[in-house]
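what's the 3D shape of this:
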Amino acid sequence: MPQPGLREVEHEITVSASAADVYRLIAEVENWPRLFPPSIYVDTLERDGSDELIRIWATANGEAKNWTSRRVLHPDEMRIEFRQEVTTPPVADMGGTWIIESLSPTESRLRLLHDYRAIDDDPEKLQWIDEAVDRNSRSELAALKENLEFVASSQELTFSFEDTVEIAGSAKDVYDFINEAGLWSERLPHVATVRLTEDVPGLQTLEMDTRAKDGSVHTTKSYRVCLPHEKIAYKQTTLPALMSLHTGYWTFRETEHGVAASSQHTVVIRPENIAVVLGPDAGVAEAKEYVKAALSTNSLATLGHAKDYAEARR
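Next up is the predicted model:
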(Lines give C-alpha, C1' and ligand atoms only; values in the text may rest on other atoms or scores of the structure.)
Protein backbone atom coordinates (compact mmCIF):
# COMPACT_ATOMS: atom_id res chain seq x y z
CA MET A 1 0.00 0.00 0.00
CA PRO A 2 1.47 3.39 -0.98
CA GLN A 3 2.70 5.64 1.83
CA PRO A 4 0.77 8.88 2.37
CA GLY A 5 2.37 11.67 0.31
CA LEU A 6 4.33 9.20 -1.84
CA ARG A 7 3.83 9.61 -5.60
CA GLU A 8 4.51 6.76 -8.04
CA VAL A 9 4.55 7.44 -11.79
CA GLU A 10 5.64 5.58 -14.92
CA HIS A 11 6.78 6.55 -18.40
CA GLU A 12 7.70 4.24 -21.27
CA ILE A 13 8.98 4.22 -24.81
CA THR A 14 9.63 1.61 -27.52
CA VAL A 15 13.24 1.22 -28.69
CA SER A 16 14.40 -0.39 -31.94
CA ALA A 17 17.16 -2.38 -30.27
CA SER A 18 17.31 -5.70 -28.47
CA ALA A 19 16.44 -5.75 -24.77
CA ALA A 20 19.87 -7.21 -23.98
CA ASP A 21 21.63 -4.32 -25.72
CA VAL A 22 19.43 -1.71 -24.03
CA TYR A 23 20.00 -3.21 -20.57
CA ARG A 24 23.77 -3.48 -21.10
CA LEU A 25 24.14 0.07 -22.36
CA ILE A 26 22.22 1.54 -19.39
CA ALA A 27 23.84 -0.78 -16.82
CA GLU A 28 27.41 0.09 -17.89
CA VAL A 29 27.76 3.69 -16.68
CA GLU A 30 30.76 4.39 -18.94
CA ASN A 31 28.18 4.52 -21.78
CA TRP A 32 26.16 7.33 -20.22
CA PRO A 33 27.92 10.26 -21.91
CA ARG A 34 26.90 8.64 -25.23
CA LEU A 35 23.30 7.99 -24.12
CA PHE A 36 22.26 10.93 -21.97
CA PRO A 37 23.05 14.32 -23.57
CA PRO A 38 23.54 16.12 -20.21
CA SER A 39 25.93 13.44 -18.90
CA ILE A 40 29.64 14.37 -18.84
CA TYR A 41 31.23 11.57 -16.83
CA VAL A 42 30.06 8.81 -14.49
CA ASP A 43 32.27 6.95 -12.04
CA THR A 44 31.61 3.89 -9.86
CA LEU A 45 32.63 4.72 -6.28
CA GLU A 46 31.59 1.46 -4.62
CA ARG A 47 30.48 -1.97 -5.82
CA ASP A 48 29.27 -4.83 -3.67
CA GLY A 49 27.80 -7.59 -5.80
CA SER A 50 24.80 -6.09 -7.56
CA ASP A 51 24.82 -2.92 -5.40
CA GLU A 52 26.63 0.17 -6.69
CA LEU A 53 27.30 3.73 -5.60
CA ILE A 54 27.86 5.93 -8.65
CA ARG A 55 28.88 9.56 -8.97
CA ILE A 56 27.37 11.49 -11.87
CA TRP A 57 28.60 14.72 -13.45
CA ALA A 58 26.11 16.34 -15.82
CA THR A 59 25.00 19.71 -17.14
CA ALA A 60 21.79 21.41 -15.99
CA ASN A 61 20.73 24.71 -17.54
CA GLY A 62 24.22 25.10 -19.00
CA GLU A 63 26.01 24.48 -15.68
CA ALA A 64 27.97 21.39 -14.61
CA LYS A 65 26.63 19.58 -11.52
CA ASN A 66 27.44 16.35 -9.72
CA TRP A 67 25.64 14.00 -7.33
CA THR A 68 25.70 10.40 -6.13
CA SER A 69 23.10 7.70 -6.62
CA ARG A 70 22.76 4.11 -5.40
CA ARG A 71 21.81 1.37 -7.87
CA VAL A 72 20.85 -2.27 -7.61
CA LEU A 73 21.31 -4.27 -10.83
CA HIS A 74 19.07 -7.23 -11.69
CA PRO A 75 20.49 -8.52 -15.02
CA ASP A 76 18.35 -11.68 -15.09
CA GLU A 77 15.21 -9.55 -14.83
CA MET A 78 16.69 -6.66 -16.90
CA ARG A 79 15.80 -4.24 -14.13
CA ILE A 80 17.87 -1.48 -12.49
CA GLU A 81 16.75 0.23 -9.27
CA PHE A 82 18.16 3.65 -8.32
CA ARG A 83 17.84 6.12 -5.45
CA GLN A 84 19.36 9.56 -5.00
CA GLU A 85 21.49 9.83 -1.87
CA VAL A 86 21.05 13.60 -1.56
CA THR A 87 17.99 15.32 -2.99
CA THR A 88 17.42 18.96 -3.93
CA PRO A 89 14.45 20.90 -2.49
CA PRO A 90 11.52 20.67 -2.91
CA VAL A 91 12.21 16.93 -3.26
CA ALA A 92 12.38 15.00 0.03
CA ASP A 93 13.08 11.59 -1.50
CA MET A 94 13.51 10.34 -5.07
CA GLY A 95 14.12 6.92 -6.55
CA GLY A 96 12.90 4.62 -9.26
CA THR A 97 13.49 1.70 -11.58
CA TRP A 98 14.49 1.09 -15.19
CA ILE A 99 12.71 -1.96 -16.63
CA ILE A 100 13.56 -3.34 -20.07
CA GLU A 101 11.12 -5.76 -21.72
CA SER A 102 11.75 -7.67 -24.94
CA LEU A 103 9.13 -7.19 -27.66
CA SER A 104 11.09 -8.99 -30.41
CA PRO A 105 14.76 -9.77 -31.16
CA THR A 106 15.18 -6.20 -32.45
CA GLU A 107 12.68 -4.22 -30.36
CA SER A 108 12.16 -3.58 -26.66
CA ARG A 109 10.01 -1.57 -24.29
CA LEU A 110 11.87 0.75 -21.90
CA ARG A 111 9.93 1.65 -18.75
CA LEU A 112 11.03 4.35 -16.32
CA LEU A 113 9.36 4.30 -12.88
CA HIS A 114 9.74 7.07 -10.30
CA ASP A 115 8.67 7.33 -6.69
CA TYR A 116 9.08 10.57 -4.75
CA ARG A 117 7.87 12.75 -1.93
CA ALA A 118 7.81 16.50 -1.45
CA ILE A 119 9.27 18.22 1.60
CA ASP A 120 6.61 18.34 4.33
CA ASP A 121 4.32 16.50 1.88
CA ASP A 122 3.32 19.95 0.61
CA PRO A 123 0.70 19.59 -2.20
CA GLU A 124 2.01 22.56 -4.18
CA LYS A 125 5.57 21.29 -4.00
CA LEU A 126 4.38 17.83 -5.01
CA GLN A 127 2.62 19.28 -8.05
CA TRP A 128 5.82 21.09 -9.03
CA ILE A 129 7.73 17.78 -8.80
CA ASP A 130 4.98 16.01 -10.78
CA GLU A 131 5.39 18.46 -13.64
CA ALA A 132 9.20 18.37 -13.53
CA VAL A 133 9.38 14.56 -13.49
CA ASP A 134 6.86 14.26 -16.31
CA ARG A 135 8.60 16.84 -18.49
CA ASN A 136 12.10 15.50 -17.79
CA SER A 137 11.12 11.84 -18.20
CA ARG A 138 9.48 12.43 -21.58
CA SER A 139 12.44 14.40 -22.95
CA GLU A 140 14.98 11.98 -21.42
CA LEU A 141 13.28 8.91 -22.87
CA ALA A 142 12.96 10.50 -26.31
CA ALA A 143 16.67 11.40 -26.34
CA LEU A 144 17.60 8.02 -24.86
CA LYS A 145 15.61 6.16 -27.52
CA GLU A 146 17.41 8.03 -30.29
CA ASN A 147 20.83 7.48 -28.72
CA LEU A 148 20.25 3.82 -27.83
CA GLU A 149 19.18 3.07 -31.38
CA PHE A 150 22.14 4.99 -32.78
CA VAL A 151 24.71 3.38 -30.46
CA ALA A 152 23.31 -0.11 -31.06
CA SER A 153 23.55 0.34 -34.83
CA SER A 154 26.70 2.45 -35.13
CA GLN A 155 29.50 0.11 -34.13
CA GLU A 156 31.21 0.73 -37.47
CA LEU A 157 31.27 4.48 -36.75
CA THR A 158 32.65 4.22 -33.21
CA PHE A 159 36.29 3.81 -32.23
CA SER A 160 38.60 4.45 -29.28
CA PHE A 161 42.35 4.86 -28.95
CA GLU A 162 44.96 6.01 -26.46
CA ASP A 163 48.36 7.72 -26.58
CA THR A 164 50.85 7.39 -23.70
CA VAL A 165 54.05 9.29 -22.91
CA GLU A 166 56.55 8.27 -20.24
CA ILE A 167 57.65 11.26 -18.16
CA ALA A 168 60.53 11.47 -15.67
CA GLY A 169 58.57 13.75 -13.35
CA SER A 170 55.72 13.76 -10.85
CA ALA A 171 52.08 12.98 -11.56
CA LYS A 172 51.14 16.21 -9.78
CA ASP A 173 53.18 18.40 -12.16
CA VAL A 174 51.82 16.64 -15.25
CA TYR A 175 48.28 16.86 -13.89
CA ASP A 176 48.75 20.57 -13.14
CA PHE A 177 49.80 21.24 -16.73
CA ILE A 178 46.66 19.57 -18.13
CA ASN A 179 44.42 21.02 -15.42
CA GLU A 180 45.64 24.59 -16.02
CA ALA A 181 44.12 24.72 -19.51
CA GLY A 182 43.52 28.43 -19.13
CA LEU A 183 47.26 28.86 -19.84
CA TRP A 184 47.33 26.65 -22.94
CA SER A 185 47.32 29.53 -25.43
CA GLU A 186 50.67 30.56 -23.87
CA ARG A 187 52.01 27.02 -23.50
CA LEU A 188 50.76 25.15 -26.59
CA PRO A 189 51.48 26.36 -30.15
CA HIS A 190 48.36 24.69 -31.62
CA VAL A 191 46.00 26.56 -29.23
CA ALA A 192 45.11 30.04 -30.53
CA THR A 193 42.79 31.19 -27.75
CA VAL A 194 41.26 29.57 -24.69
CA ARG A 195 38.38 30.44 -22.33
CA LEU A 196 38.25 28.45 -19.09
CA THR A 197 35.71 28.79 -16.27
CA GLU A 198 35.62 26.79 -13.05
CA ASP A 199 32.77 28.04 -10.84
CA VAL A 200 32.80 24.77 -8.88
CA PRO A 201 36.23 23.32 -8.02
CA GLY A 202 36.97 20.37 -10.29
CA LEU A 203 34.20 21.14 -12.81
CA GLN A 204 35.50 23.12 -15.77
CA THR A 205 34.03 24.59 -18.93
CA LEU A 206 36.70 24.85 -21.60
CA GLU A 207 36.35 26.64 -24.96
CA MET A 208 39.30 26.60 -27.36
CA ASP A 209 40.23 27.82 -30.80
CA THR A 210 42.70 25.26 -32.13
CA ARG A 211 44.93 25.55 -35.20
CA ALA A 212 45.00 22.63 -37.65
CA LYS A 213 47.97 21.67 -39.81
CA ASP A 214 46.44 23.49 -42.80
CA GLY A 215 46.23 26.73 -40.80
CA SER A 216 42.47 26.63 -40.26
CA VAL A 217 41.10 27.33 -36.78
CA HIS A 218 38.43 25.16 -35.13
CA THR A 219 36.38 26.07 -32.07
CA THR A 220 35.49 23.39 -29.54
CA LYS A 221 33.76 23.42 -26.17
CA SER A 222 34.15 20.78 -23.48
CA TYR A 223 33.04 20.12 -19.94
CA ARG A 224 35.83 18.63 -17.81
CA VAL A 225 35.79 16.66 -14.54
CA CYS A 226 39.13 17.03 -12.74
CA LEU A 227 40.13 14.39 -10.17
CA PRO A 228 43.53 15.36 -8.68
CA HIS A 229 46.06 14.00 -9.51
CA GLU A 230 44.74 10.92 -11.29
CA LYS A 231 42.32 11.76 -14.08
CA ILE A 232 40.68 14.55 -16.08
CA ALA A 233 37.60 13.33 -17.99
CA TYR A 234 35.79 15.42 -20.57
CA LYS A 235 32.95 15.53 -23.06
CA GLN A 236 32.98 17.85 -26.05
CA THR A 237 29.69 19.61 -26.72
CA THR A 238 30.82 21.79 -29.65
CA LEU A 239 32.31 19.38 -32.16
CA PRO A 240 34.20 19.43 -35.47
CA ALA A 241 32.14 18.47 -38.52
CA LEU A 242 33.34 14.86 -38.72
CA MET A 243 32.34 13.90 -35.16
CA SER A 244 28.91 13.35 -33.62
CA LEU A 245 30.47 12.41 -30.26
CA HIS A 246 33.86 12.89 -28.63
CA THR A 247 34.61 11.92 -25.04
CA GLY A 248 37.91 11.16 -23.41
CA TYR A 249 40.17 11.42 -20.41
CA TRP A 250 43.71 12.19 -19.38
CA THR A 251 45.25 9.80 -16.83
CA PHE A 252 48.41 10.08 -14.74
CA ARG A 253 49.85 6.82 -13.38
CA GLU A 254 52.90 6.75 -11.15
CA THR A 255 55.61 4.35 -12.36
CA GLU A 256 59.01 3.24 -11.16
CA HIS A 257 60.66 5.92 -13.31
CA GLY A 258 58.13 8.74 -13.03
CA VAL A 259 54.65 8.86 -14.54
CA ALA A 260 52.84 7.35 -17.52
CA ALA A 261 50.58 10.11 -18.87
CA SER A 262 47.85 8.99 -21.27
CA SER A 263 45.22 10.63 -23.45
CA GLN A 264 42.22 8.44 -24.35
CA HIS A 265 39.58 9.28 -26.96
CA THR A 266 36.23 7.74 -27.90
CA VAL A 267 34.74 9.08 -31.14
CA VAL A 268 31.62 8.51 -33.22
CA ILE A 269 32.00 9.58 -36.86
CA ARG A 270 29.30 11.74 -38.47
CA PRO A 271 28.90 9.95 -41.82
CA GLU A 272 26.83 12.64 -43.56
CA ASN A 273 29.77 15.06 -43.36
CA ILE A 274 32.50 12.76 -44.69
CA ALA A 275 32.15 13.76 -48.36
CA VAL A 276 31.92 17.47 -47.45
CA VAL A 277 35.15 17.39 -45.42
CA LEU A 278 37.22 14.72 -47.16
CA GLY A 279 35.78 14.55 -50.67
CA PRO A 280 33.38 12.23 -52.52
CA ASP A 281 35.73 9.24 -52.60
CA ALA A 282 36.26 9.07 -48.82
CA GLY A 283 34.46 6.63 -46.55
CA VAL A 284 34.22 5.77 -42.86
CA ALA A 285 37.73 4.24 -42.77
CA GLU A 286 39.28 7.43 -44.19
CA ALA A 287 37.28 9.56 -41.75
CA LYS A 288 38.47 7.49 -38.78
CA GLU A 289 42.07 7.76 -39.95
CA TYR A 290 41.77 11.52 -40.43
CA VAL A 291 40.15 12.14 -37.03
CA LYS A 292 42.55 9.85 -35.19
CA ALA A 293 45.54 11.58 -36.76
CA ALA A 294 44.23 15.04 -35.84
CA LEU A 295 43.36 14.13 -32.24
CA SER A 296 46.53 12.11 -31.69
CA THR A 297 48.72 14.91 -33.04
CA ASN A 298 47.22 17.42 -30.59
CA SER A 299 47.25 14.99 -27.66
CA LEU A 300 50.89 14.02 -28.18
CA ALA A 301 51.87 17.67 -28.62
CA THR A 302 50.14 18.53 -25.34
CA LEU A 303 51.72 15.57 -23.53
CA GLY A 304 55.11 16.53 -24.97
CA HIS A 305 54.87 20.02 -23.50
CA ALA A 306 53.56 18.55 -20.21
CA LYS A 307 56.65 16.31 -20.19
CA ASP A 308 58.97 19.29 -20.62
CA TYR A 309 57.10 21.19 -17.89
CA ALA A 310 57.20 18.31 -15.36
CA GLU A 311 60.79 17.25 -16.04
CA ALA A 312 62.00 20.82 -15.62
CA ARG A 313 60.53 20.76 -12.09
CA ARG A 314 62.23 17.59 -10.89
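
What sits closest to Gly166 if chain neighbours are left out?
Small correction: residue 166 is Glu, not Gly. Excluding the flanking residues, the one nearest Glu166 by Cβ to Cβ, 6 or more residues apart in numbering is Ala260, at 5.8 Å. In short, each C-beta sits where N, CA and C put it, glycine included.

what does the model give the one you found for pLDDT?
With respect to pLDDT, Ala260 has a value of 98.

One more: Glu46?
pLDDT, Glu46: 95.

residues near it, how many?
If you count neighbours by other Cβ atoms under 10 Å, Glu46 ends up with 11.

That one and Arg71, how far apart?
Between Glu46 and Arg71 the computed distance is 10 Å (Cβ to Cβ, to the nearest Å).

before we move on, what about Arg117?
Counting by Cβ to Cβ, the gap from Arg117 to Arg71 is 20 Å.

more neighbours, those two?
Arg117 (21 against 18).

The more buried one: which element?
Assigned by DSSP states H and E, Arg117 belongs to strand 107-118.

average model confidence for that strand?
97.

Now the next helix-or-strand element following it: average pLDDT?
For strand 107-118, the following helix or strand on the C-terminal side (DSSP H and E) is helix 123-153. In this model, helix 123-153 carries a mean pLDDT of 91.

Correct me if wrong: Val267 contacts Gln236.
No: applying Cβ atoms under 8 Å, one finds Val267 not in contact with Gln236, separated by 9.6 Å.

coming back round to it: now the angle between helix 123-153 and the strand holding Arg117, please.
160 degrees (axes from the mean of the first three to the mean of the last three Cα atoms, to 10 degrees).

just checking, what packs against strand 107-118?
Judged by 3 or more Cβ pairs under 8 Å, 6 or more residues apart in numbering; DSSP states H and E, the packing partners of strand 107-118 are strand 7-15, helix 19-27, strand 91-104, helix 123-153.

Highest mean neighbour count out of those?
Across the helices and strands packed on strand 107-118, averaging neighbours per residue (mean count of other Cβ atoms under 10 Å) puts helix 19-27 on top, at a mean of 19.

Need the residues that contact the helix or strand just after that helix.
Proceeding C-terminally, helix 19-27 gives way to helix 32-35 as the next helix or strand, assigned by DSSP H and E. The contact list for helix 32-35 (Cβ atoms under 8 Å, 6 or more residues apart in numbering) reads 25-26, 39-42, 56, 144, 147-148, 151, 235, 245, 247, 266, 268.

Now for Asp21: which residues touch it?
Listed by Cβ under 8 Å, 6+ apart, the contact partners of Asp21 are 148, 152.
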